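J.: Structural data only, the sequence is not supplied:
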RNA sequence: GUGAGCGUAGCUCAGGGGUAGAGCAUCGGUCUGUGGAUCCGAGGGUCGUGGGUUCAAAUCCCAUCGCUCACCCCA
């Protein structure tokens, strides 16, 4: 039986020549960010799941249903007992087996206690606790029932209940990162980066994972380029400079049409007051809202502002604006931030309905959109997150950053064809005869040492066919080595575009090719 | 999690009950030291998978899986 493998849902391969585009975008990011004194941080793709739960919020969609999680079971014997309990095959007529089950249950409870006493909680403590309480209760019940002697049916039900409860203690204590800000902050705290002088300016490039239905510009493994500034400053100039850097980067990538939207969503002082105000206003008009928006009145009133339903737009327009409810400090910050943008000649639009989905944002939020992306027109989002470091157990620290979806940026660039035809290969080497092969091998090595990309045929091939292969590989030049060349101690350099050939000595050849290879390398 | 559309060669797609097709691509020949063109030829498929109807199913019916797009949510 044959099985046809394919990339798992929501992941894809990035093949050449498209992969060259990716490299170019990432190189551009590295260059631009370096000029703003940002340095790269390389982060693990796996983190403790709890990190994301703390930073993004338990109730956020990302954590509650979009995170890829996996068990790390090495760390504890907890899993041994859990598996024994939850996988135990019902053999209620066998008292010995029942003894074993009870023993495993007892050990599982002990492990749970240990886990609950741990300083660093890796598993969600409330899940552990409720499992512990339920199991404790049922273990007691089980013992009583066994002492009294119970109907097999009753015992069966109880054991199944226990097994289900045990299964809730899952080793999903690791998560594939759905975004990288939490990882950056974790690393900042873990390595004491706050003790380094000045602000910490970091950027990262890499894949993120979210388990959601794929659609245009949205994958389960997607790629982000992001930057974060951590430290003691929350100066509006910093926010503006980060955005300037982002826009310079987009410009250098060749993205011409895009729009920067900015907003302020206040701080822990003024936002809750506004949210309450908003909620009460929404209550008044809730009969005119759709089911989703009605639900959000309780769960997250800010998100109602995000609704795209046409019939809700007039209602939303009339709702109170967060910008009218900022405290003095936040209003001042937002004003100065806008002035900083103007002083940098950065065009922007205020979008008072721009509320970021993640819990940790404060004050400045922003988003860049580009046309041609289907329903997902945002390519980049970011903002200020002053409380996050503290929330994750670090010292009071200000933070600001953005994350940019590379998949969507490239979709907006639409330049795959343009860059696809570029010469990838400098030299296709053609040899005829065994002694020519020896010369070809040595020459190929020297060319490659000079950074000149060279293809050398492995098998002897007729000249006509070899040139055909050179053509198909879209090589810039062919180098021919045969008996004539060996006799003259020269090589034939053939320009594959013009078809012109010249006989050159090795040093002449190297010189000639170094010039053209150098030119194409500079473009990269 | 919800809804819609689409699954036939590597790619783009025809065929809508009676022998599995085209163009492009690949490989070989034409062509034994000169590529791109022409011409000739070849390989490549359990028509997504499973079941049903039928003498006969790529085709009709059912189920299932996959892909795509949209909703939700977000970058």
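T.: Received the coordinates, thanks. Being a predicted model, the structure only gives us computed values, none of them experimental.

J.: Quickly list what residue A:207 is bridged to.
T.: residue A:223 (DSSP bridges).

J.: and it, what does it touch?
T.: For residue A:207, the contacting residues are A:45, A:221-224, by C-beta atoms under 8 Å, 6 or more residues apart in numbering. Every C-beta, even on glycine, is put in place using the N, C-alpha and C of the backbone.

J.: before we move on, what about residue A:212?
T.: Neighbour list for residue A:212: A:10, A:66, A:218, A:220 [criterion: C-beta under 8 Å, 6+ apart].

J.: Tell me the one among these nearest to residue A:157.
T.: residue A:66 (34.8 Å; C-beta to C-beta).

J.: Show me what stretch A:303-322 is in contact with.
T.: Outside stretch A:303-322, the residues that reach it (C-beta under 8 Å, 6+ apart) are A:263-266, A:271, A:274, A:277-278, A:281-282, A:285, A:288-290, A:292-293, A:296-297, A:352-353, A:355, A:357.

J.: In ChimeraX, how would I select just the buried ones from these?
T.: Typed into ChimeraX, the next command selects the buried ones out of the contacts of stretch A:303-322 (criterion: 16 or more other C-beta atoms under 10 Å):
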select /A:263,264,265,266,271,274,277,278,281,282,285,289,293,296,297,352,353,355
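
J.: interface residues of the stretch 301-450 of chain A facing RNA strand B?
T.: Counting by C-beta under 7 Å from any atom of the strand, the positions of the stretch 301-450 of chain A adjacent to RNA strand B are A:303, A:306-309, A:356-358, A:367, A:374-376, A:378-381, A:403-405, A:407-408, A:432.

J.: Going by neighbour count, which of those are buried?
T.: In those, the ones that pass as buried (16+ other C-beta under 10 Å) are A:303, A:307, A:356, A:358, A:367, A:378-381, A:403-405, A:407-408, A:432.

J.: Going by distance to residue A:230, which of the residues you listed wins?
T.: So of those, ranked by how close each gets to residue A:230 (C-beta to C-beta), first place is residue A:403, at 14.8 Å.

J.: which residues does that closest one bridge with?
T.: Applying DSSP bridges, one finds that residue A:403 bridges with residue A:226, residue A:381.

J.: Mind pulling up the pLDDT for residue A:123?
T.: On pLDDT, residue A:123 comes in at 61.

J.: Just the contacts of stretch A:303-322: which are in helices?
T.: Within those, residues falling in helices by DSSP state H are A:271, A:274, A:277-278, A:281-282, A:285, A:292-293, A:296-297.

J.: Of those, which ones also sit close to RNA strand B?
T.: Contacts with RNA strand B within the ones in helices among the contacts of stretch A:303-322, counted by C-beta under 7 Å from any atom of the strand: A:292, A:296.

J.: Looking at the buried ones among the residues of the stretch 301-450 of chain A next to RNA strand B, which are in strands?
T.: A:367, A:378-381, A:403-405 (DSSP state E).

J.: Domains in chain A, by residue range?
T.: Per automatic domain parsing, the domain ranges recorded for chain A read A:18-64+A:175-257+A:388-413, A:74-168, A:423-523.

J.: Would you mind finding the most buried of these?
T.: domain A:18-64+A:175-257+A:388-413 (a mean of 19; mean count of other C-beta atoms under 10 Å).

J.: and that domain, how far apart are its ends?
T.: The stretch domain A:18-64+A:175-257+A:388-413 measures 12 Å between its terminal residues, going by C-alpha to C-alpha, to the nearest Å.

J.: Would you pull up how far it lies from the middle of the chain?
T.: When distances are taken as C-alpha atoms, centre = their mean, to the nearest Å, domain A:18-64+A:175-257+A:388-413 is centred 8 Å away from the chain's centroid.

J.: And for stretch A:459-473?
T.: Relative to its chain's centre, stretch A:459-473 lies at 43 Å (C-alpha atoms, centre = their mean).

J.: quick one: contacts for the residue nearest the centre of chain A?
T.: What sits nearest the mean C-alpha location of chain A, by C-alpha atoms, centre = their mean, is residue A:208, with 2.5 Å. Residue A:208 is in contact with A:176-180, A:221-224, counting by C-beta under 8 Å, 6+ apart.

J.: which among the residues you listed gets closest to RNA strand B?
T.: Distance to RNA strand B across the contacts of residue A:208 (C-beta to the nearest atom of the strand) is lowest for residue A:222, with 3.9 Å.

J.: wait, doesn't the closest one sit right on residue A:405?
T.: Yes: between residue A:222 and residue A:405 there is a contact under C-beta atoms under 8 Å: 6.2 Å.

J.: Find residues that contact each of these two.
T.: Counting by C-beta under 8 Å, 6+ apart, nothing touches both residue A:222 and residue A:405.

J.: Can you pull the phi/psi pair for residue A:160?
T.: With angles defined as degrees, to the nearest 10, residue A:160 sits at phi -60, psi -40.

J.: what do you get for residue A:479?
T.: Backbone geometry at residue A:479, expressed as degrees, to the nearest 10, gives phi -110, psi 120.

J.: Any idea what it is bridged to?
T.: Here residue A:479 sits in beta bridges with residue A:429, residue A:493, going by DSSP bridges.

J.: for it, what are its contacts?
T.: Residue A:479 sits in contact with A:427-430, A:440, A:443, A:491-494, A:509, where contact means C-beta under 8 Å, 6+ apart.

J.: Also near RNA strand B: which of the contacts of residue A:212, exactly?
T.: Applying C-beta under 7 Å from any atom of the strand to the contacts of residue A:212, those adjacent to RNA strand B are A:10, A:66, A:218.

J.: Just send those back as JSON lines, with secondary structure too.
T.: Shown next, in JSON lines, are these (DSSP: H, G, I helix; E, B strand; the rest coil):
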{"residue": "A:10", "secondary structure": "coil"}
{"residue": "A:66", "secondary structure": "coil"}
{"residue": "A:218", "secondary structure": "strand"}
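
J.: tell me which of those residues is nearest to residue A:387?
T.: Nearest to residue A:387 out of these is residue A:66 (C-beta to C-beta; 23.1 Å).

J.: May I have the residues that are in contact with residue A:214?
T.: Shown in contact with residue A:214 (C-beta under 8 Å, 6+ apart): A:9-10, A:220.

J.: Give me the contact list for the one helix or strand residue A:485 maps to.
T.: Take DSSP states H and E as the rule and residue A:485 turns out to sit in helix A:483-488. Applying C-beta under 8 Å, 6+ apart, the external contacts of helix A:483-488 come out as A:432-433, A:435-436, A:439, A:491-492, A:503.

J.: before we move on, the earlier item: could you export the ones in helices among the contacts of stretch A:303-322 as CSV, including distance to residue A:41 and pLDDT?
T.: What follows is the ones in helices among the contacts of stretch A:303-322, written out as CSV (distance: C-beta to C-beta, whole Å; pLDDT from 0 to 100):
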residue, distance to residue A:41, pLDDT
A:271, 30, 87
A:274, 35, 89
A:277, 40, 89
A:278, 37, 88
A:281, 43, 87
A:282, 41, 86
A:285, 46, 83
A:292, 37, 74
A:293, 39, 78
A:296, 35, 78
A:297, 40, 81
